[in-house]
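Trainee: Prediction below, plus the sequence it came from.
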Amino acid sequence: MARVVVDVMLKPEILDPQGQAIAGACSRLGFEGIDQVRQGKRFEVEVEGEVDEAKLADVRRLAETLLANTVIEDFEVRPA
Amino acid sequence: MTARVGVVTFPGSLDDKDAARAVSLAGAEPVPLWHADADLKGVDAVVLPGGFSYGDYLRCGAIARFAPLMSELVPAARSGALPVLGICNGFQILCESHLLPGALTRNSSLRFVNRDQVLRMENTSTAWTNAYDEGQEILVVLKSGEGGYVADEATLDRLEAEGRVIARYVGANPNGSRRDIAGVANEHGNVVGLMPHPEHAVEALTGPSTEGLGFFTSILSHLASGTPAQV
């Protein structure tokens, strides 16, 4: 078994109120110098056999079909 | 013949019974549809009700989009033949299915909003809004945590230019929706998505008004006007 990681983030132009709330909590907790936080999702996909280009292409197709909504989210696929 | 309007139940749907009741009150026959059946039972129109299909896992509507029933519904709706109204979670499912542009995101307040809400009706020529007058204000119910309508500026401009915004929030924007948009239609006007709940405003006993009933009487007029009912 091998693992492929898919990171999904809201596109930069989409407001992220959860990230803003976290950034607000940072300053209340005394973590200084934090300008902005954006919250995303990480998927760990276990695949059979080796992670080759074909497997990565499969996972990329999975990401754009299901894991991410490409209207509002970007994604990155990489071997773990 | 009485129009038959399907109401889909997904695991986690909440408002399917209320939607079916609104269909009855409008004078049509509600037909229960089950998400796992790849069969629309020959209905003339479909309502995708509110709730939390599949627990809102992954994203609201993201799993429901791939339910077996949707494989028959999506092409029929996309072609302009099958009228579909998506309310709240149903609106999210329509966006995830790419039957409507844009997406619904977490309310800007991060709080679930549950209140009576005034809407201003804009496009009143669609299959689901023809009972209203343009500019008419109606009082319905808003109850959602992820009701913020977003799309890129070019898409928003196109929706406005093509008259595809069907309703806007009146007063303070409740959820951060771009341009106060509460509902949109596809280019044929057969597919309509609305974040607030007209089906909860159909009876004086339980609703803040009866002004939501127009969505359900609209589809009857639309079907009676002789447009193709089904592919």
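Mentor: That came through fine.

Trainee: residues near residue 74, how many?
Mentor: I went with chain A, as the question did not name one. A:Asp74 has 15 neighbours, counted by other CB atoms under 10 Å in any protein chain shown. Bear in mind the C-beta positions are built from the backbone N, C-alpha and C, glycine included.

Trainee: my question was about chain B
Mentor: By the measure other CB under 10 Å, the count of residues near B:Val74 is 19.

Trainee: mind checking pLDDT for it?
Mentor: pLDDT recorded at B:Val74 is 98.

Trainee: ok, now how distant is it from B:Leu104?
Mentor: 18 Å (CB to CB, to the nearest Å).

Trainee: separation between B:Gly171 and B:Ser209?
Mentor: On the measure of CB to CB, B:Gly171 and B:Ser209 end up 15 Å apart.

Trainee: neighbour-wise, which of these two wins?
Mentor: More crowded of B:Gly171 and B:Ser209, by other CB under 10 Å: B:Ser209, with 18 against 9.

Trainee: For that one, which non-adjacent residue is closest in space?
Mentor: B:Leu139 (4.2 Å; CB to CB, 6 or more residues apart in numbering or on different chains).

Trainee: Mind listing what's buried along the helix or strand containing B:Pro75?
Mentor: Following DSSP states H and E, the helix or strand that holds B:Pro75 is helix B:68-78. By neighbour count on 16 or more other CB atoms under 10 Å in any protein chain shown, the buried set for helix B:68-78 is B:Leu69, B:Met70, B:Glu72, B:Leu73, B:Val74, B:Ala76, B:Ala77, B:Arg78.

Trainee: Residue numbers of chain A in contact with chain B?
Mentor: Contacts of chain A with chain B, taken as CB under 8 Å from any CB of the partner chain, map to A:Leu10, A:Glu13, A:Ile14, A:Leu15, A:Pro17, A:Gln18, A:Ala21, A:Leu66, A:Leu67, A:Asn69, A:Val71, A:Ile72.

Trainee: Apply 6 Å and report the result again.
Mentor: Taking CB under 6 Å from any CB of the partner chain as the contact definition, chain A meets chain B at A:Ile14, A:Pro17, A:Ala21, A:Asn69, A:Val71, A:Ile72.

Trainee: Can you flag the buried ones in those residues?
Mentor: A:Ile14, A:Pro17, A:Asn69, A:Val71, A:Ile72.

Trainee: Thanks a lot, catch you later.
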